[in-house]
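A.B. asks: Build me a model:
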Amino acid sequence: MKGLFKESAKLFGRTILVSFLCFFIVASVLVVSVGFFAEPAGYYVTGTKDGKQENLYTYYTSEGKDTKYETYAQQGYTLEKTDIKLLPESKEKGSLVLAQILCIGILGIFIYPRFWERGYKDRNLAQIGNITGDPLKGLKVGLVSIIPWIVGLLALSGVKDFTVSLLMFAAPIFYPAFSLIADGNIYLSQVGVLTLIGMVACWLILPVFSALGYAFGFKDFSIAEKLTYKKEK
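C.D. replies: Take a look at the predicted model:
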């Protein structure tokens, strides 16, 4: 049992490192998407009168005709517009899907090979009688390692003013998935039970990688070797 918690703690540490990487990956994908695909959605209006500058209002094209602009102009304001550009919903979702795929890929790269090697090593130790083999060890380690993440997510769901968008900082690995299943502007405490279960379920991808890696290593089954062998044939 002590060894299980030790391995789980190490895996948890690796997921923290992956989280840092995913934060920059997600941020980069969204910034690039905005740069290439954002469309005009309105503007901020500031006005200067009697030497004082004020933020007057925000206008969105979805509101129809802007009637406030002329009203402020008639009141003697010198007006200035700052454009607002937003991603269309379809392109925003596409960007989030791409970012999530990249993050899952990074997670797999950091977990699967390590557990394959561990499984292969334990296979050899089991064959000479040094340990009792347990093909499910990778699954157990993976499940224990995600407990802090799940507990943290559930704890944040009880925080009154914590929005879904802030999960970008708390759990960037699966932030794109969270944003796809819940509106980023709502409070996490307001999401439905099924939505929260869906968020928790995202973390099960981690033990899938650790379970498969360890099990394949324990069976001395290498996907890379199989693919290489097929190409050679």
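
A.B. asks: Go ahead and confirm I25 touches I101.
C.D. replies: No. Applying Cβ atoms under 8 Å as the test, I25 and I101 come out as separate, 10.2 Å apart. Where you see a C-beta, it was placed from the backbone N, CA and C, and this is true even at glycine.

A.B. asks: Comparing those two, which residue is more hemmed in?
C.D. replies: Higher neighbour count among I25 and I101: I25, with 21 against 12, using other Cβ atoms under 10 Å.

A.B. asks: Surely the more buried one is within a strand?
C.D. replies: No. Going by DSSP: H, G, I helix; E, B strand; the rest coil, the assignment for I25 is helix, not a strand.

A.B. asks: which residues does it contact?
C.D. replies: I25 makes contact with 99, 102-103, 106, according to Cβ atoms under 8 Å, 6 or more residues apart in numbering.

A.B. asks: Which one of these sits in the busiest neighbourhood?
C.D. replies: Most neighbours among the contacts of I25, by other Cβ under 10 Å: C103, with 25 neighbours.

A.B. asks: Flag every buried residue along the longest helix along the chain.
C.D. replies: Scanning the chain for the helix with the most residues, using DSSP state H, yields helix 89-127. Residues 91-92, 95-96, 98-100, 102-104, 106-108, 110-112, 114-116, 118-120, 122-123 are the ones in helix 89-127 that count as buried (16 or more other Cβ atoms under 10 Å).

A.B. asks: And for stretch 139-150?
C.D. replies: Going by 16+ other Cβ under 10 Å, stretch 139-150 has these buried residues: 139-146, 149-150.

A.B. asks: Give me the contact list for it.
C.D. replies: 4-5, 7-9, 11-12, 15, 111, 115, 134, 171, 200, 203-204, 206-211, 214-215.

A.B. asks: Buried subset of those residues as a ChimeraX selection?
C.D. replies: Buried members of the contacts of stretch 139-150, defined by 16+ other Cβ under 10 Å, are picked up in ChimeraX with:
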select :7,8,11,12,15,111,115,171,200,203,206,207,209,210,211,214,215
